[in-house]
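**Student:** the following block contains a protein sequence and its predicted model.
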Amino acid sequence: MHSKIFESYQSNDRSSLIPLLQDVQNIYGYLPENALRDISDFVKVPLSRVYGVATFYNQFRLTPLGKNIIRVCRGTACHVKNSANILFALETELGITAGQTTRDKNFTLEVVNCIGACSIAPVILVNDDYHGRITVKDIPKILKKYQTVNKTETAEATK
Amino acid sequence: MKDFNQLCCEKCWHTTEKPCEHFIQCCTEGPLCHHDEKCKQEISSLRKRLKYEEHDKPIIMIGMGTCGLASGAAKVKEAIEAELKKLNLEAVIEGTGCIGYCAVEPIVDIKLPGKDRISYQEITVKDVPRFIKTTLVDNEIYKEKLLGSHGKSNGVVNLKQVPFFEHQHKIVLANCGVVNPDSIDAYLANGGFKAFDKVLRLMKQEDVIKEVLDSGLRGRGGGGFPTGKKWELALKQKSDQKYLICNADEGDPGAFMDRSLLESDPFRVLEGMAIAAYTIGASVAYIYCRAEYPLAIERLKNSIAKCEEYGILGDNILNTGYSLHIKIKKGAGAFVCGEETALIGSIEGKRGMPKPRPPYPSNAGLFGKPTVINNVETYANVPPVIMMGAQKFASIGTVKSKGTKVFALSGNVKNTGLVEVPMGTTLRDIVFKIGGGIPDKKEFKAVQIGGPSGGCLPDSVIDTPVDYDSLREVGAMMGSGGFVVMDEETCIVDVAKYFLTFIQEESCGKCVPCREGTKRMLEIIERIPKRYGTDGNKLDQLQRFKGMIHLQRLADVIKDTSLCGLGQSAPNPVLSGLRYFRHEYEEHLYDRKCSAGVCKELLTFTIDNELCTGCGICVKKCAAEAIVGEKGQAHYILDNKCIKCGMCYEVCRFKAININ
């Protein structure tokens, strides 16, 4: 599945390592082991080094993601506006801690340092939708929106 | 003519493959190689159309930066489109960047033919039908949501007189939110690339450096190194290949200047980079941008492609023989990559870890070649420096800090957004005059400036002027421009804990003082509010005081011995806290109190029997099962079970939860 990606890169060029990892993660949502091996062969960098890079950067993950990704901004402006509570509420609501995926694989909860939307703090990002100026009370409503969307989707799929 | 790349008549021969050296001049002054009234007319009418001076249909401009989109600008756009269709009206809809006043997004501008452009604030989907009817059908002003006019006012307040804009001086942000960021033609029509054109045709490399040196422009990324000096060092190096890098890895939490600039005026950044690259003789340039800014990356990609199409970037730029290729590198989420040597490592495909300097990047940088790295805002300052001239630029600002600085104003302040002020403006002016003060009648407590490398400045030093040296004197630093306002409900100990947690997570782990030192510091700070049960573990309490005694010394060691700027400035939030808010630390230590009500471990939660209706919502939300009570009866919190998360306080609709 990821072999096509290599076409647009030059072999043996270490500087394309990070873009390659990013592209692979775009396909799978995470970095599978065999993809890391292929990348290592392609850029001619030992697998240990590839692993080193993949674990250094926050963006890369080695485990699969849930259907919906919730990113809680923990930037300074959000912190001052009590994003710690937002995170805590999400954690209790979903029954997981930051960095984990719910058992039904519906939600992954992540913490990001700053998504640069400080003016509407506190912010959470669900998939690509920004939810700004939220309070703890809004959280069940937001989660519900994504749960129902998925239910109808699966209902349609089973038809 | 549809755009500038189109030939006016057969006498014009400008193409991407064979660009004309007078192309940019041509865009602003009409055809130069031949005299033809018709061509002149055509180019000038295109220019006027792009500057919105001459058009037959109404133009609707919607702020589509990240802040606008987050406030629902996309939905408003859809609603406007639908409404226009319904009413059978014709209008041009354009997306612009962010004008800076993020607090009142989505901002929608209406420009009727022959009239002034008028901005409206906080337009929601609900407003749209009446908004469109009032402005486009009745040709009147939609007074409820009026923000201001861009032109001479006819009874409408001019934007420049709106308090938020009144004290600003826009040089870098001049185009933001005004000019369509997707259109290179609009940028050209508004005088874009003129500086690059001037440099290419009329100036030698040394002249550019002299101009930038004389202007007193200093790096806007935080360090404040003179930009001209940096370029001079790189120019003097003899090498077959030199590189230029634009640092757009804005990892500083609470800062979004670079994002906004890249989203709202990407061409200006490219122009600044092109001038810098020409000056030092670099033929390849990189923009290292955070992956968290998808819109900025998208707009940059589009802008680079457009510039190449127009022959402004690429091979043989404007037939001068000079070639420049700009590539985008996406960051992968590491704060330390904002440090220049770490950033270079990251582009090379390594773990982003800083290296000891010297050698400085201007000697041996990317792939071992001479490299210049500047921040987005620094590059955006270059075209104005060239166009205004060094003297005029240097007349703005203070003795040692010239020009303006963009700040991302956020936190507990009424008018959040992006502001650009001349150096030397006081912090008070930014918070109270531009920011409009603290909302909800709360007291001002501090302003956090410079992100994790900066410090919290209290009321007593709020009259400090904004410049590199004054800020350093009071224990903060310019940083990249994060400006977070804090009110009385912010706890300084908690803020120090927050920044240390951040630094601790983001420390790359290469040098010991930063890796271990910040961890120990965090442990000391974390111990301050901790409760040790009712029996009170004496040893732990002893540790708490012992830690505080060593805190200052530990901070000094980290500051003196860390490898890179991240570590060297890591203790700043704690040091500035100890300097200005020692009483707050002492209150936490001795009185075991947090008067801001943030350090939850020091709080007790109780339920007011009279206000509690027994609805039971707090019981449901309590993660620790610490709330008991029958439905319809007043509830009670078990203190020994309570984990002080504050969830019951947040969800209670009757304000029955008391915090002491």
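**Tutor:** Looks like it came in fine. Fair warning: this is a prediction, and the values are worked out from it, not measured in the lab. Residues are numbered from 1 along each chain as shown, chains lettered A, B, ... in the order given.

**Student:** tell me the pLDDT at the closest residue to residue B:378 other than its chain neighbours?
**Tutor:** Nearest non-adjacent residue to residue B:378, counting by C-beta to C-beta, 6 or more residues apart in numbering or on different chains: residue B:220, 4.6 Å away. The way it works is simple: take the backbone N, C-alpha and C, and place the C-beta from them, glycine included. In the prediction, the pLDDT value recorded for residue B:220 is 90.

**Student:** so what's residue B:220 up against?
**Tutor:** Shown in contact with residue B:220 (C-beta atoms under 8 Å, 6 or more residues apart in numbering or on different chains): B:375-378, B:381, B:405-406, B:480-481.

**Student:** by proximity to chain A, which residue of the stretch 551-660 of chain B wins?
**Tutor:** Among the residues of the stretch 551-660 of chain B, residue B:650 lies closest to chain A, at 4.0 Å counting by C-beta to the nearest C-beta.

**Student:** show me what secondary structure element comes after the helix or strand where that residue lies.
**Tutor:** Counting by DSSP states H and E, the element that carries residue B:650 is helix B:647-651. Counting by DSSP H and E, the next helix or strand C-terminal to helix B:647-651 is strand B:657-659.

**Student:** name the residues that touch that following strand?
**Tutor:** So strand B:657-659 is in contact with B:597, B:603-608, B:618, B:646, B:648-649, going by C-beta under 8 Å, 6+ apart.

**Student:** now with 6 Å?
**Tutor:** For strand B:657-659, the external contacting residues (C-beta atoms under 6 Å, 6 or more residues apart in numbering or on different chains) are B:597, B:603, B:605-608, B:648-649.

**Student:** kindly report the same for stretch A:89-109.
**Tutor:** Contacts of stretch A:89-109 (C-beta under 6 Å, 6+ apart): A:65-70, A:111, A:136, A:139, B:623.

**Student:** so where is the chain shaky, pLDDT-wise?
**Tutor:** Picked chain A for this. Applying pLDDT under 70 to chain A picks out residues A:148-159.

**Student:** switch to chain B, that's the one I care about
**Tutor:** In chain B, residues with pLDDT under 70: B:153, B:532-537.

**Student:** and it, which residues reach chain A?
**Tutor:** B:66-67, B:70, B:102, B:253-254, B:256, B:259, B:291-292, B:332-334, B:348-349, B:351, B:408, B:410-411, B:416-417, B:484, B:486, B:490, B:498, B:623, B:645, B:650 (C-beta under 6 Å from any C-beta of the partner chain).

**Student:** residue contacts, the nearest residue to the residue of the stretch 551-660 of chain B closest to chain A once chain neighbours are set aside?
**Tutor:** The spatial neighbour of residue B:650 that comes closest, neighbours along the chain excluded (C-beta to C-beta, 6+ apart), is residue A:136 at 4.0 Å. Counting by C-beta under 6 Å, 6+ apart, residue A:136 touches A:85, A:89, B:650.

**Student:** and what of residue B:445?
**Tutor:** B:486-488, B:490.

**Student:** run a quick neighbour tally on residue 22.
**Tutor:** In the absence of a named chain, chain A is used. For residue A:22, the neighbour count with other C-beta atoms under 10 Å in any protein chain shown is 18.

**Student:** oops, I was thinking of chain B
**Tutor:** 17.

**Student:** do residue B:118 as well
**Tutor:** Residue B:118 has 23 neighbours, counted by other C-beta under 10 Å.

**Student:** surely it meets residue B:148?
**Tutor:** No - the pair residue B:118 / residue B:148 is not scored as a contact, 7.5 Å apart, by C-beta atoms under 6 Å.
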